[in-house]
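A.B. asks: Return atomic coordinates for the entry below.
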Amino acid sequence: MNSNVIIACDFASAKETYAFLDRFAEEKPFVKIGMELFYAEGPSIVREIHRRGHKIFLDLKLHDIPNTVQKAMAVLSSLDIDMVNLHAAGTKAMMEAALQGLTREDGTRPILLAVTQLTSTSEMRMHEELLINGSIRDCVCHYAQMAQEAGLDGVVCSPLEAGMVKKHCGKAFLTVTPGIRFADSRVDDQVRITTPSRAKEIGSDFIVVGRPITAAADPVAAYLRCVEEFA
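C.D. replies: I've put the predicted structure just below:
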């Protein structure tokens, strides 16, 4: 199934991940591999999931000096991933270096996204703990515009901010949004959230969904529900 619903495979091991993906006999959902799984299993987990026919969003949120990020992106680009990200807070120079490292000799590369503010970050925490003044919307907008100037394809942001990003950066600039919950789901540790259908209305191009699918009694049914609502 070709869908812009990305399942966050936040599992602790390859065994758990493969057991989960084996439940999808017909569909080959787009999946996100995050830090926990990648650090536990390394590049082999990426190669195997790619071999199984899944598109992959490698969610490692790189954030370091430009030279280090450039070299790291060159390594990640060789894994045949479809999407990867970094923190916009690493500066425009870091994002430009990342883009250079990610681009292969033939000119192709995965989609490169900048993380604006995590969906677990409230405006109060942004002010009091990160010492970033202004509104969270202004911060997200500034980071998105900076990422666009650096040549990136889009941002990871809350679905609540997707429409604003589109307004300032244009419809072609991608918005990938976690913080998705069904209307009858638990909020868990997310703060800035919405439903799949509302995310689509606001302007999300891709949604990333974890526990509402992975922790469901029937993950395949939950995934198909999410696809239907987002469509």
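
A.B. asks: Name every strand pairing with the top strand by length along the chain and say which way it goes.
C.D. replies: Determined from DSSP state E, the single longest strand within the chain is strand 56-62. Applying DSSP bridges, strand 56-62 is found paired with strand 30-33 (parallel), strand 83-87 (parallel).

A.B. asks: Where is the longest helix in the protein?
C.D. replies: Counting by DSSP state H, the longest helix found in the chain is helix 136-149.

A.B. asks: okay, the residue lying farthest from the centre of the chain: pLDDT?
C.D. replies: Here the chain reaches farthest from its C-alpha mean at Glu128, the gap being 25.8 Å by Cα atoms, centre = their mean. Glu128 is assigned 94 on the pLDDT scale.

A.B. asks: quick one: the strands in this protein?
C.D. replies: 5-8, 30-33, 56-62, 83-87, 111-115, 154-156, 174-177, 206-209.

A.B. asks: Nearest to Val220, out of those?
C.D. replies: strand 5-8 (10.5 Å; Cβ to Cβ). (Glycine included, C-beta is placed from N, CA and C.)

A.B. asks: The closest one packs against which elements?
C.D. replies: The contact analysis (3 or more Cβ pairs under 8 Å, 6 or more residues apart in numbering; DSSP states H and E) places strand 5-8 against strand 30-33, strand 206-209, helix 211-214, helix 219-230.

A.B. asks: again, only using 7 Å
C.D. replies: strand 30-33, strand 206-209, helix 219-230 (3 or more Cβ pairs under 7 Å, 6 or more residues apart in numbering; DSSP states H and E).

A.B. asks: what residue ranges in the chain score low on pLDDT?
C.D. replies: Scanning the chain for pLDDT under 70 picks out 1-2, 185-192.

A.B. asks: ok, 80 please
C.D. replies: 1-2, 119, 184-193 (pLDDT under 80).

A.B. asks: Run through the residues that contact the nearest residue to Pro43 once chain neighbours are set aside.
C.D. replies: Spatial nearest neighbour of Pro43, chain neighbours left out: Leu79 (5.8 Å); criterion: Cβ to Cβ, 6 or more residues apart in numbering. Contacts of Leu79 were listed using Cβ atoms under 7 Å, 6 or more residues apart in numbering, and they are 43, 46-47.

A.B. asks: before we move on, the earlier item: dump the helices and strands packed on strand 5-8 into JSON lines; add mean neighbour count as well.
C.D. replies: As requested, these are exported to JSON lines (neighbours: other Cβ atoms under 10 Å):
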{"stretch": "strand 30-33", "mean neighbour count": "22"}
{"stretch": "strand 206-209", "mean neighbour count": "25"}
{"stretch": "helix 219-230", "mean neighbour count": "18"}
